[in-house]
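1. My questions are about this predicted structure, shown below with the sequence.
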Amino acid sequence: MIDTIKKQDCTGCKMCADACTVGAISYRTDGEGFWYPQTDDKACIRCGRCVKLCPSLGLSGKENRDGPAPAVFAAWNKDADVRARSTSGGIYYALAETMLEQGGCLAGCAYSGDLKGAYHMIGESREDLERIMGSKYFQSDTAGIYKAVHKELLDGRRILFCGAPCQSAALKSYLGREYDGLVTVDFICRGINSPKAYKRYLEGCEKKYRSGVSRVHFKNKKDGWTSLGTYILFENGREYHRNRVNDPWVNGFVRGNLFMRPCCSACRYKGLPRASDLSIGDFWGLKGSPEDMFQGISLVMANTEKGAAYLEKAGGKLQVQKRSFEEALAGNLCILNPAPQGERRAEFFRRVDTEDFEPLVWELLGETGMKTRLKLIKYRLALWKQAIERLAVRRMQRGTRGRQP
Ligand SMILES: Cc1cc2nc3c(=O)[nH]c(=O)nc-3n(C[C@H](O)[C@H](O)[C@H](O)COP(=O)(O)OP(=O)(O)OC[C@H]3O[C@@H](n4cnc5c(N)ncnc54)[C@H](O)[C@@H]3O)c2cc1C
């Protein structure tokens, strides 16, 4: 049954438990913090449904990921506040708002109450959307979400599902047919990180700041979109603000590939066609104006006609520019290629239970305090340059407007 699935095949999408008609599947978490299915032999009726519906097993050996390139767009939310609070240009918020305005609902990822985990939920309101927006760069617990989406569809509701490509593929496999009311969105995915590693990171921050956390925000834009800022607010009012140079989570993820799920380095959901109607990401390949590079630009791929039509519906909330697939690929090789596992990944997981997260990551990345300090100086100079460029462009724009008849 499904518990014989190999670690490098299992994405942890948790669809198999939703698919099991006798409730024989549960999940055990391994030492790295990733969950895998286990079957209760006594309850299992050997129907084979779990194996048949598993998208990873179904895909094995017969993938065709060389499809034609989808239509590609650069987009950003016209609402400056939404754009500033979003991970890239705020495309997701526009898509989700459109669904709520049509009386539909959302299925997306929110932080757990203590902020030390994330899970998929059904959202009905703007308050729910505020919880769902924003990237949580570790695995979301999707237990029950496939059943819940199916129920909404059977009740005749419209729903926008957003998740990793493997989760979206799992939903499609679970449903087994197209539903007019369903729009699926996935993101360009570098890889899904260990919930345990994320928890250890937060615990390290709590220890240092001597307080519990009350807010976590990845890709915080205080210093701009490209700073890859991480903001944490603590219950005692203190604030943590680090960036792509000095934040150990961002560095362990993007530079070290230290905490990724085993299957991600051989991801079956890369390539074309993609699993969802729309795919969203950061448009790193675009060299926009200094202001746009500060505020963030989303990449959107319309993979199906349904996706293209839905994007058009949300278009009033967005600035949209047609772009080429080559431009998308230039900054996002992850559209087609999985990221490799870091050389020191195994050592990270061997030591993370007993050592503090931050010094461990810096050691594994070969970072010394002096190296980081030098990089920080360079980074701050770049921030100054960015601020001066933005100011110059704004002055020029004001000047041009002033001269108009
Ligand atoms: C683990 C991870 C890796 C990513 N890697 C890349 C990358 O390599 N290149 C790239 O261009 N973009 C990547 N993204 C996507 C990027 O972070 C933004 O989501 C995207 O640019 C859209 O931005 P946004 O502001 O419109 O949406 P956001 O406000 O970020 O909303 C995105 C949606 O994603 C869902 N979501 C958030 N976290 C998770 C999660 N852990 N699991 C499942 N669903 C989640 C939310 O429910 C929300 O619906 C990644 C996202 C995640 C979560």
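-> Cool, the structure landed.
2. alpha carbons only for contacts and neighbour counts from here, please
-> Noted.
3. Show me which residues of this protein are close to the ligand?
-> Residues of the chain lying close to the ligand by C-alpha under 6 Å from any ligand atom are 86-92, 108-109, 132-140, 162-164, 187-192, 280-282, 298, 332, 334.
4. quick one: which of these sit in strands?
-> Among the residues of the chain next to the ligand, DSSP state E puts 108-109, 162-163, 187, 280-282, 298 in strands.
5. now the strands for the stretch 251-400 of the chain?
-> Assigned by DSSP state E, counting those that start in this stretch, the stretch 251-400 of the chain shows strands spanning 278-282, 298-302, 318-323.
6. Reformat the ones you listed as a markdown table; add mean neighbour count and mean pLDDT.
-> Shown next, in a markdown table, are the strands of the stretch 251-400 of the chain (neighbours: other C-alpha atoms under 10 Å; pLDDT from 0 to 100):
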| stretch | mean neighbour count | mean pLDDT |
| --- | --- | --- |
| strand 278-282 | 25 | 98 |
| strand 298-302 | 27 | 98 |
| strand 318-323 | 16 | 97 |
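7. so which of the ones you listed comes closest to Leu391?
-> strand 318-323 (22.1 Å; C-alpha to C-alpha).
8. just the buried members of the residues of the chain next to the ligand?
-> Neighbour-count burial (16 or more other C-alpha atoms under 10 Å) applied to these gives 86-92, 108-109, 132-140, 162-164, 187-192, 280-282, 298, 332.
9. Check the gap between the residue nearest the centre of the chain and Tyr93 for me.
-> In the chain, the residue lying closest to the centroid (C-alpha atoms, centre = their mean) is Ser135, at 4.7 Å. For Ser135, the distance to Tyr93 (C-alpha to C-alpha, to the nearest Å) stands at 12 Å.
10. try Arg131
-> 11 Å.
11. Looking at these two, which has the bigger crowd around it?
-> Tyr93 (24 against 16; other C-alpha atoms under 10 Å).
12. so which residue of the stretch 251-400 of the chain comes closest to the ligand?
-> The stretch 251-400 of the chain approaches the ligand most closely through Gly281 (3.2 Å), counting by C-alpha to the nearest ligand atom.
13. Could you chop this structure up by domain?
-> In terms of domains, the chain is parsed into 2-59, 71-192+260-335, 195-258+340-386 (source: automatic domain parsing).
14. and Met396, which of these is closest to it?
-> domain 71-192+260-335 (12.7 Å).
15. Thr368: how many residues sit nearby?
-> 11.
16. got it, and Phe73?
-> 22.
17. Also Glu358?
-> Glu358, neighbours per other C-alpha under 10 Å, totals 18.
18. go on, Glu343?
-> Glu343 has 13 nearby residues by other C-alpha under 10 Å.
19. Show me which positions of stretch 209-228 end up buried.
-> Here stretch 209-228 shows 209, 211-213, 216-228 as buried, counting by 16+ other C-alpha under 10 Å.
20. So which of those residues are in strands?
-> 213, 216-220.
21. Could you report the distance from the nearest residue to Gly191 once chain neighbours are set aside to Lys14?
-> Of all residues not flanking Gly191 in the chain, Cys264 sits nearest, at 5.4 Å (C-alpha to C-alpha, 6 or more residues apart in numbering). According to C-alpha to C-alpha, Cys264 stands 16 Å off from Lys14.
22. got it, and Asn332?
-> Distance from Asn332 to Lys14, by C-alpha to C-alpha: 27 Å.
23. In JSON lines, list the strands of the stretch 251-400 of the chain along with distance to Ile5.
-> Listed next are the strands of the stretch 251-400 of the chain as JSON lines, based on distance: least, C-alpha to C-alpha, whole Å:
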{"stretch": "strand 278-282", "distance to Ile5": "28"}
{"stretch": "strand 298-302", "distance to Ile5": "31"}
{"stretch": "strand 318-323", "distance to Ile5": "40"}
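24. nearest to Leu383, of these?
-> Comparing the strands of the stretch 251-400 of the chain by C-alpha to C-alpha, strand 278-282 comes nearest, at 19.7 Å.
25. Quick check: can you name the pairing partners of the closest one and their directions?
-> strand 182-187 (parallel), strand 298-302 (antiparallel) (DSSP bridges).
26. Quick one: residues in contact with the longest one.
-> Among residues not part of strand 182-187, those counted as contacts by C-alpha atoms under 8 Å, 6 or more residues apart in numbering are 153, 158-165, 168, 275-281, 306-307, 310.
27. Report the backbone C-alpha coordinates of it in PDB.
-> The C-alpha coordinates for strand 182-187 follow below in PDB (Å, rounded to 0.1, in the frame of the first residue of the first chain):
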ATOM      1  CA  LEU A 182     -12.500  25.300  -9.400                       C
ATOM      2  CA  VAL A 183      -9.500  27.500 -10.300                       C
ATOM      3  CA  THR A 184      -6.100  26.200  -9.400                       C
ATOM      4  CA  VAL A 185      -3.000  28.300  -8.800                       C
ATOM      5  CA  ASP A 186       0.500  27.000  -7.900                       C
ATOM      6  CA  PHE A 187       3.700  28.800  -7.400                       C
END
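28. Alright, calling it a day.
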